[in-house]
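Colleague: Sequence first, then the predicted structure, then my questions.
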Amino acid sequence: MKNGAAATCYRDFGPHDSVWVTLRHEATHLFLFMHIPDAKNLPGWINEGLAVYYASANVKNRKLTGVDVPARELHRVQAAMRIGELETLQCHLTRRDGDWSGPAAAQAWSLVHYLLHG
């Protein structure tokens, strides 16, 4: 592979659709690392936000036909807002700890979604 990029994932898959969601998510990471010079220095929120965003893509006849709002991510962001645990934008944009799971991934998705759709 170009630049030595590779994607691996393992998971206890549930419904059939979750396989495709996970594959689209991981393929987005792979695409970024294969096509963006110095992708390892991409801000984490862009890397994870795009992966979560495109995991919910609708594909028909090998073409992207739209992207759904993932209910789980939306609910995570809404819950964090309700209880005052949403990271500030400055903190989120400068996060360097590498943990982009759970609420951090949901917030990264929400930022990418906002930037793409307003």
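Modeller: Thanks, I have the structure now. All values derive from a computational prediction rather than experimental measurement.
Colleague: quick one, phi/psi of Asn61?
Modeller: Backbone torsions of Asn61, given as degrees, to the nearest 10, read phi 50, psi 40.
Colleague: how many neighbours does it have?
Modeller: By other Cβ atoms under 10 Å, 5 other residues sit near Asn61. Using the backbone N, CA and C atoms, a C-beta is placed for each residue, glycine as well.
Colleague: again, but for Ile83
Modeller: Around Ile83 there are 7 residues (other Cβ under 10 Å).
Colleague: Kindly report the same for Gln107.
Modeller: Every residue meeting other Cβ under 10 Å relative to Gln107 is counted, giving 27.
Colleague: Would you mind listing the residues in contact with the most centrally placed residue in the chain?
Modeller: Among the residues of the chain, the one closest to the centroid is Val52, at 2.4 Å (Cα atoms, centre = their mean). By Cβ atoms under 8 Å, 6 or more residues apart in numbering, the residues touching Val52 are His25, Pro70, Glu73, Ala105, Ala106, Ala108, Trp109, Val112.
Colleague: switch to 7 Å and redo it
Modeller: His25, Pro70, Glu73, Ala105, Ala108, Trp109 (Cβ atoms under 7 Å, 6 or more residues apart in numbering).
Colleague: and the residue lying closest to the third one once chain neighbours are set aside, what does it touch?
Modeller: Counting by Cβ to Cβ, 6 or more residues apart in numbering, Glu73 lies nearest to Ala106, which is 4.2 Å off, once chain neighbours are set aside. Contact partners of Ala106, counting by Cβ under 7 Å, 6+ apart, are Glu73, Arg76, Val77.
Colleague: Next, Leu30: secondary structure please.
Modeller: Secondary structure assignment for Leu30 (DSSP: H, G, I helix; E, B strand; the rest coil): helix.
Colleague: where does this protein dip in pLDDT?
Modeller: 1-17 (pLDDT under 70).
Colleague: what ranges do the helices span in it?
Modeller: Taking DSSP state H, the helices of the chain run over residues 16-35, 44-55, 71-82, 89-93, 102-117.
Colleague: Next one: Asn58 relative to Glu73, how far apart?
Modeller: Using Cβ to Cβ, to the nearest Å, Asn58 is found at 16 Å from Glu73.
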